[in-house]
Every structure is written in C-alpha cells, then in structure tokens.
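Chemist: show me how the following folds:
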Amino acid sequence: MGETLKIIVLVKHVPDTQFDRHLSGPANSIDRSESILSELDEYALEAALQLSEARGGAKAGNQVIALSMGPAAAANAVKKSLQIGASEGVHLTDASLAGSDAAATSLALAAAIRHIGAEGQVDLVLTGMASTDGETSLVPAQLAERLGLPQVTFASSLEINGSTLTASRDTDSHSTTVEATLPAVVSVTDQINDPRYPNFKGIIAAKRKTVTTLSLADIGLDSAQVGQSGSWTTVVTAEPRPPRTAGTIITDDGDAGVKLVDFLAARKLL
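Modeler: The predicted structure follows:
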C-alpha cells in the first residue's frame, strides 16, 4: 500500500426530494425524469476529497473516482461530482440495467469496481449511508461481500493511517470505534462532514477531466444477471397514496382537553 490513495465514490442520480416520487411503467420503477446527485452521496465524496487532499491531492497521485450506474441522464451525477472535486468519473450505463434491485445493482457495481481496479488496486470504496430513492442501505454491505472486502457502515468519522482505516459509528446511546485493513468498503453518515459546493474554478476544471463510459460487456456481465431478470425482489403492485382527508377539529367550549383525550383514547394512542 503506497502513500497515495485510489478511492472510488459511488454517486447516484436520484429523484429530487423536493418533489413527490412516482412509479412508472409496467415494472413500477421510479420515475427519474427530475433527478439530481443524491445529497447523501455528497458526504462520501467530501470524505474522499479530504483524504486525498491530506495526502497532496491529485497532483501527488491520489485518485477520487466518481462511479455512477444508471441511464444516460446519470452522467449528470458524475459531472457534478467532477465539479465538486473528483479527479475522474466512470458512468456504467446499459439498457439491461433498468429495474435492477439492490442485489443486481451491487453485482454490477462490484464488476465495475473490479474493472477499474485492473488498472491499479482500489484502496477504498466510499458510499453514502443510503440512497434517497430506495433508502435500503443494502448496497454497501452486499458490495463488500461480493468484493470480499471488510465493510464499515454508517461511519461518522474516518481516518486512514498506512493500511489501517479507523472509523466511529454513533448510536443514540454510545459511539464505537472500529478498525479495518485496506482495501475496504465504507458507508458514511450525514454527520461526517459538511460537503463543499462546486465553485467556478471547479466547474471549469471539470470540463478537462476524464469520464469513462462502461457497458455490461465491458465489465463482463450478461444482461440476464441484472435488471428485472437478475433481481431478487420485484414490485408486484403499486397504487397512489390516498389523498389526505380533513382532520378532526375540536372546538373549545371548556371541555376541549376531555375531547382531545377521548379522541386519542379511541384510537388507542394513549
């Protein structure tokens, strides 16, 4: 393990959380027409950039590679990652990937990471704590298993000394410090840092950075291994959420407190 780091950050193109999410098509897949770089992935990208910069950044040979899997529009997640500071980007795109669940997604991403690692060992794979569309938090652990690497999930701090990674995992009652040997897969929480924003210099610099596009054939996978055919789960049926109904209004005639208690007790909320 050298002094420099080669880090892959998984970045996902997800529906903007400012708008309601919708399902579309016969497979009930998420409508991604209004999508952006997942906010939670920005924390992973910032963690990677800080680790790189502490070692001299790209000029010293450190690599922060933004990897996204998705349709053509997912290239925008890679583009923004480059504007924020990633040194290069990789876009895995193939029509057969549509409809992939967490298992099929982790299979494809693992193959893409192996492909990238063929040109030099990957020291660290960083992800957000979850995607803001699926919200399963399954991919990091599945990815570590498929790659045969140690996993550290929900890290709220991250340090690397030599080939040893040290991270903190916080709960409501305590904090645990864990260690792993590189290479490893780590998911980080939204408490680990404050992500930076693209600035003018970064936006201009991004235009000169390399983005590699990969297909299933490039990473050695068959279409039957991903998408709906390669998924372990499927959405059988879906229907719109029913509209909100008017609430119950309690008029205070001096007994509003009693009426409120009766209302809650009738619904077994007391």
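Chemist: C-alpha from now on. contacts and neighbour counts both.
Modeler: OK.
Chemist: assign a three-state SS to V261, would you?
Modeler: helix (DSSP: H, G, I helix; E, B strand; the rest coil).
Chemist: burial count for it?
Modeler: By the criterion of other CA atoms under 10 Å, V261 has 12 neighbours.
Chemist: so how far is G57 from it?
Modeler: Noted for V261: a distance of 61 Å to G57, by CA to CA, to the nearest Å.
Chemist: with D190 instead?
Modeler: D190 is 23 Å from G57, where distance means CA to CA.
Chemist: repeat that for S215.
Modeler: S215 sits at a distance of 29 Å from G57 (criterion: CA to CA).
Chemist: residues of stretch 212-222 that come out buried?
Modeler: By neighbour count with 16 or more other CA atoms under 10 Å, stretch 212-222 contains the buried residues 213-216, 219.
Chemist: what does stretch 113-123 give?
Modeler: Result for stretch 113-123 [16+ other CA under 10 Å]: buried residues 113-114, 116, 122-123.
Chemist: now do stretch 81-99
Modeler: By neighbour count with 16+ other CA under 10 Å, stretch 81-99 contains the buried residues 81-94, 96-99.
Chemist: for that stretch, measure first residue to last.
Modeler: 24 Å.
Chemist: make sure V152 is indeed in a strand.
Modeler: Yes - membership of V152 in a strand is supported by three-state DSSP.
Chemist: partners of the nearest residue to it once chain neighbours are set aside in the sheet?
Modeler: Spatial nearest neighbour of V152, excluding adjacent residues (CA to CA, 6 or more residues apart in numbering): V186 at 4.8 Å. V186 has these beta-bridge partners by DSSP bridges: L126, V152.
Chemist: identify the residues contacting V186.
Modeler: Residues near V186 by CA atoms under 8 Å, 6 or more residues apart in numbering: 124-127, 140, 151-155.
Chemist: for those, which one is nearest W232?
Modeler: For these, the minimum distance to W232 (CA to CA) is 16.5 Å, reached by P140.
Chemist: ok, and the closest non-adjacent residue to G128?
Modeler: Among residues not flanking G128 along the chain, D41 sits closest, at 4.5 Å (CA to CA, 6+ apart).
Chemist: the one you found: neighbour count?
Modeler: Residues near D41, counting by other CA under 10 Å, number 29.
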